[in-house]
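A.B. asks: Sequence and predicted structure, then a few things I'm wondering about:
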Amino acid sequence: MNFFSSEADLFSLPRVRNTLIRLEDTIIFALIERAQFAHNSVIYEPAAQQFKDVTGEKSFLEFFLWETEKVHVRRYTSPDEYAFTSPLPMPILPALAYPQFLHPNDINVNPQIMRIYLEHIVAAVTRPGDDQNYGSATTRDVEVLQALSKRIHYGKYIAECKFRESPSAYAALARANDLAGIDALLTNKAVEATLLKRLGRKALIYGQSLDDVDVGKDVVEGEYQSKLLRIPVEAVVELYEKWVIPLTKVVEVEYLVKRGREWVEGDESQRKE
């Protein structure tokens with residue numbers, strides 16, 4: 001179902017969390033697709049000699065991503081999508097009308113996402129070496145980056161939902177610049193633990209090929225399992241534990257600081273629905 005529908009619970013916390021759960025699947029499958037190609041480190045090198053006549057001082061990934069986002073430009077008029085590159089042209093298609101739920105903000109952590117991806121993630125899910133499948137590998141890189149960006153920036157929706165539950169508490173912390181207090185108030189350790197457990201199970205199941213596993217049997221365990229997996233389970237769990245969750249917290253806290261400082265008690269337009 002489209003997130004931007006007209007239902008009364010459009011932006012409820014359970015519904016936003018369901019969207020995040022679906023994005024887990026998107027991210028895992030995108031990583032599996034990227035893992036079929038070698039690391040191909042040359043596509044991440046700025047001004048690499050192989051591509052310099054076309055890409056200039058950009059890396060092949062940066063150039064490919066920029067060209068992709070030019071084609072997808074109206075995508076970035078949606079409040080849950082964030083471009084990595086600029087400048088982008090004006091959309092050819094007319095703008096769509098989206099419900100106004102988020103407080104106005106310009107928070108964009110795509111530079112951090114890109115750095116984490118290049119320095120930590122891609123090497124964790126790919127084999128070393130160069131198989132010269134540069135276009136295919138970069139296409140998958142773009143898919144992973146877009147999915148990670150959407151998932152991490154969705155923290156704004158979680159933050160807004162939680163703010164509407166306790167606006168006075170968040171506003172007081174924001175005006176005191178108590179970032180640790182905001183983080184503690186919005187954090188649910190039980191939800192995070194469940195997320196990581198679910199993620200590991202998904203990576204284990206999705207990462208196996210039915211060509212290698214007897215259909216009808218439960219998920220393979222032990223040493224034999226590791227030989228069947230198309231992606232390391234620990235790499236997927238670590239991705240969330242070390243990078244996705246903490247960076248989502250950065251987005252949420254920054255959003256709540258701005259939201260709380262600008263909140264006016266009694267403003268009917270800011271009431272919880």
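C.D. replies: Yep, that arrived.
A.B. asks: in the stretch 151-273 of the chain, what spans have low per-residue confidence?
C.D. replies: Scanning the stretch 151-273 of the chain with the threshold set as pLDDT under 70 gives 210-228, 266-273.
A.B. asks: let's see it at 90
C.D. replies: 207-232, 264-273 (pLDDT under 90).
A.B. asks: so Glu143 sits right up against Ile28, yeah?
C.D. replies: No. Counting by Cβ atoms under 8 Å, Glu143 does not reach Ile28; the two are 11.8 Å apart. For every residue, glycine as well, the C-beta is placed using N, CA and C.
A.B. asks: more neighbours, these two?
C.D. replies: Each of Glu143 and Ile28 has its neighbours counted (other Cβ atoms under 10 Å); Ile28 has more, 21 against 18.
A.B. asks: Now do the contacts for that one.
C.D. replies: Residues in contact with Ile28 (Cβ atoms under 8 Å, 6 or more residues apart in numbering) are 199, 202-203, 206-207, 231, 236.
A.B. asks: sec struct for it, please.
C.D. replies: Following DSSP: H, G, I helix; E, B strand; the rest coil, Ile28 is assigned to helix.
A.B. asks: show me where this protein has helices.
C.D. replies: Using DSSP state H, the helices of the chain run over residues 13-35, 52-55, 60-71, 110-116, 122-125, 134-153, 155-165, 167-175, 179-186, 189-206, 223-228, 233-238, 245-262.
A.B. asks: and the third one with helix 134-153, angle?
C.D. replies: Read that as helix 60-71. Angle, helix 60-71 to helix 134-153, by axes from the mean of the first three to the mean of the last three Cα atoms, to 10 degrees: 70 degrees.
A.B. asks: For helix 60-71, enumerate the helices and strands it packs against.
C.D. replies: Helix 60-71 sits against helix 52-55, helix 134-153, with contacts defined as 3 or more Cβ pairs under 8 Å, 6 or more residues apart in numbering; DSSP states H and E.
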